[in-house]
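Colleague: Could you look at this predicted model? Sequence included:
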Amino acid sequence: QWQNQLKQFGYEKPLEVTAKEVEEASASLRMLQFELERIIAVNQLALSHYAEQISRYKELSLRMNELEREKQAILKFMEEIESKKRKVFMEAFEKINQNMQKYFSKLTGGGAATLILENPDEPFSGGIDMIVQFPNKPSIVVSGASGGERSVAAVAFLFAIKDFTPASFYILDEIDAHLDAFHVSRLADVLLEESEKAQFIVITLKPEMVNKAQKVYGVYERNGVSNIISAKFLEVPS
């Protein structure tokens with residue numbers, strides 16, 4: 001029987017082998033048989049499953065690439081918005097700063113004031129400081145000024161914003177409450193000058209303001225009722 005099998009494999013004569021070679025051949029045969037059994041046990045649906053997974057992988061890859069492109073487009077849009085926001089802010093800041101210097105000088109009779117960004121490189125990451133210099137005084141941060149000086153700076157800042165976003169009329173409720181007579185008079189002059197561009201309704205208790213008003217109305221209380229009287233009318237100086 002073995003000789004017939006050998007002939008089938010091309011061996012006409014019996015092979016001369018040792019017992020050791022037979023043992024090694026048997027071991028190799030058993031190993032090959034074991035490997036064959038493992039191959040036979042492989043999932044026969046693996047090929048179709050593989051095709052499904054490849055299709056799913058390609059689909060997810062395309063979607064992931066699409067999402068990445070959308071992400072980059074959104075990031076670019078955000079950068080453009082941030083750049084425009086910074087540009088608009090800086091233009092407004094510079095304009096208001098110029099207006100601030102103009103009105104502070106008028107209100108103080110020659111003083112100087114300027115707005116400074118705490119973080120010029122990242123303006124939205126810091127605040128804004130105001131440096132003021134009243135006539136014959138050193139420059140200081142406005143937080144270190146007196147109450148009256150801070151009030152003057154605040155009024156100048158309000159007028160600076162007013163010029164940036166003008167309106168038809170303004171109501172100022174005791175805006176001069178913490179100003180001394182000199183600065184009230186200077187403020188009245190500024191209001192008289194600005195009245196050519198807009199109407200100002202000022203509530204005040206200061207005679208320096210009343211004396212330079214174009215129209216004055218007095219308000220008094222009687223029996224729990226407010227009454228209004230026209231005190232005087234002034235012509236605008238030519």
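Modeller: Structure's in. What do you need?

Colleague: count of residues packed around I175?
Modeller: Using other CB atoms under 10 Å, I175 is surrounded by 23 other residues. All C-beta spots, glycine's among them, are computed from the backbone N, C-alpha and C.

Colleague: An error on my part: the question was meant for G147.
Modeller: Quick note: G147 (other CB under 10 Å) scores 7 neighbours.

Colleague: Skipping its backbone neighbours, what lies nearest it in space?
Modeller: H178 (5.9 Å; CB to CB, 6 or more residues apart in numbering).

Colleague: Go ahead and confirm the one you found touches G148.
Modeller: Yes. The pair formed by H178 and G148 meets the contact definition of CB atoms under 8 Å, at 5.7 Å.

Colleague: quick one, which of those two is more surrounded?
Modeller: The neighbour comparison of H178 against G148 (other CB under 10 Å) goes to H178, with 17 against 13.

Colleague: Any stretches of this protein with poor pLDDT?
Modeller: Low-confidence segments of the chain (pLDDT under 70): 1-3, 5-7, 9-12, 14-15, 40-44, 232-238.

Colleague: ok, longest helix in it?
Modeller: Ranked by number of residues, the top helix in the chain under DSSP state H is helix 46-108.

Colleague: Please put the alpha-carbon coordinates of the very next helix or strand once past that helix into PDB.
Modeller: Using DSSP states H and E, the next helix or strand after helix 46-108 towards the C-terminus is strand 112-117. Only the C-alpha atoms of strand 112-117 are listed here, as PDB (Å, rounded to 0.1, in the frame of the first residue of the first chain):
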ATOM      1  CA  ALA A 112      -5.200 116.300  28.700                       C
ATOM      2  CA  ALA A 113      -6.700 112.800  28.900                       C
ATOM      3  CA  THR A 114      -6.200 109.600  27.000                       C
ATOM      4  CA  LEU A 115      -7.500 106.100  27.000                       C
ATOM      5  CA  ILE A 116      -5.000 103.200  27.100                       C
ATOM      6  CA  LEU A 117      -5.600  99.500  26.500                       C
END
